[in-house]
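>>> any chance you could fold what I've pasted below:
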Amino acid sequence: MRIEPIAGSFAHEVKDLPLWEPVDVHDAVAVREAFRESSVLVFRRQSLSEPELLDFGKMIGEPCLYAERTWLSTVPEVIILSNLRSQDGEMLGGLANKPLTWHTDQSYYAKPVTGCFLYGVELPDQGGRTSWTSLYKAYETLPPELAKAVDGAIGTFSFAARIGEAIKQGDNHDRKKRIAETPDVQHPLVNVEPGTGRKALYIDPDTIIGIDGMPKNESDDLLDRLRAHTIKPEHVYDHEWGPGDLVLWDNAVVLHKRDGFPEKSNRLVKRMIINLDPTRHIIPPVAH
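Here you go, the predicted structure:
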């Protein structure tokens, strides 16, 4: 097994590790350590069943269930993201072919999801690229005045803001119910990794709606500047998918987005969310 940096980015690729075979304990430790340091790991040309995906998730942390239960596969911890339909015309999974803007998963919860991976099964010929941007690099390269503004600052994250546009467009009753059940939550804008002391910015462009104690016009301006800084090309890894690619990332320290793809193209990707070890990874705390 080799773990090598991907040229021009913060991500790393794990080579010569067939995940369909039992992973040696020393290799598993090395993968977890590389994941902690890099925050995005790429495994190419894997051939994995859903039980094998579950085994991989358990090697990284604690796999857990996703809120959108209609997206779950035969192994409940596995989520289907697809624009394909069943013989009855029902969608097989979530997100279809639309583009997804920069975000991190579940920042609107008191305890956001941390680990996550995508596994490509069937992929479109055009489009569908996924990108990640490092929140470690974003913090480390902040201009001094921005670093001073965010250290100790508390942001308000809103599920209603995240899916508000979908509700305006007549989305379903279940999402409106989830809004009622998911109040706004506050998290620090800067988190510290246990053990290493590394600092990472924590923002979610379409979910963070304000900064505690700051007038709206000032917080809006600061958040706009942080958004623009975070997604600078030098902070970003772009992944062009190939069959069998598996990409693992840490939601607490990266944002991600997805390009759209033609409606007539087929895409089937499997996904899992994983609770990571809080003694080794940032778990965004609730600010009181």
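
>>> below-threshold pLDDT in the stretch 1-150 of the chain: ranges please.
67-72, 83-97 (pLDDT under 70).

>>> quick one: the helices in it, in order.
25-38, 50-60, 135-140, 144-150 (DSSP state H, counting those that start in this stretch).

>>> which other helices and strands does the longest one contact?
For helix 25-38, the elements it packs on are strand 2-5, strand 12-15, strand 40-43, helix 50-60, strand 246-250, judged by 3 or more Cβ pairs under 8 Å, 6 or more residues apart in numbering; DSSP states H and E. In short, each C-beta sits where N, CA and C put it, glycine included.

>>> deepest of these, which one?
strand 246-250 (a mean of 25; mean count of other Cβ atoms under 10 Å).

>>> what lines up beside that one in the sheet?
Take DSSP bridges as the rule and strand 246-250 pairs in its sheet with strand 40-43 (antiparallel), strand 115-122 (antiparallel).

>>> gap between the residue lying closest to I274 once chain neighbours are set aside and F35?
Closest residue to I274 apart from its sequence neighbours, by Cβ to Cβ, 6 or more residues apart in numbering: G115 at 3.3 Å. Note on G115: its distance to F35, by Cβ to Cβ, to the nearest Å, is 8 Å.

>>> now for A28: which residues touch it?
Taking Cβ atoms under 8 Å, 6 or more residues apart in numbering, we find A28 in contact with M59.

>>> for it, give its distance to Y139.
Counting by Cβ to Cβ - A28 and Y139 are separated by 29 Å.

>>> show me the contacts for A287.
Counting by Cβ under 8 Å, 6+ apart, A287 has contacts I154, Q186, H187, P188, D212.

>>> the fourth one against T156, yeah?
Meaning P188. No: with contact defined as Cβ atoms under 8 Å, P188 does not count as touching T156 (11.6 Å).

>>> returning to what we had before: find residues that contact each of G115 and F35.
Joint contacts of G115 and F35 (Cβ under 8 Å, 6+ apart) are I60, L248, D250.

>>> pretty sure the second one sits against G115.
In this case it means L248. Yes: counting by Cβ under 8 Å, L248 touches G115, with 7.1 Å between them.

>>> which residues do the two both contact?
Joint contacts of L248 and G115 (Cβ under 8 Å, 6+ apart) are I60.

>>> tell me who's in contact with the residue nearest in space to the middle of the chain.
Central residue of the chain (Cα atoms, centre = their mean): N251, 4.3 Å from the mean position. Shown in contact with N251 (Cβ under 8 Å, 6+ apart): T104, D105, Q106, P112, V113, T114, G115, C116.

>>> next, count neighbours for S47.
A total of 10 residues lie near S47 under the criterion other Cβ atoms under 10 Å.

>>> now it: how far from H235?
Counting by Cβ to Cβ, the gap from S47 to H235 is 32 Å.

>>> for W249, same thing?
Taken as Cβ to Cβ, the span from W249 to H235 is 14 Å.

>>> repeat that for V247.
17 Å.

>>> do the same with H26
32 Å.

>>> of these two, who's got more company?
H235 (21 against 9).
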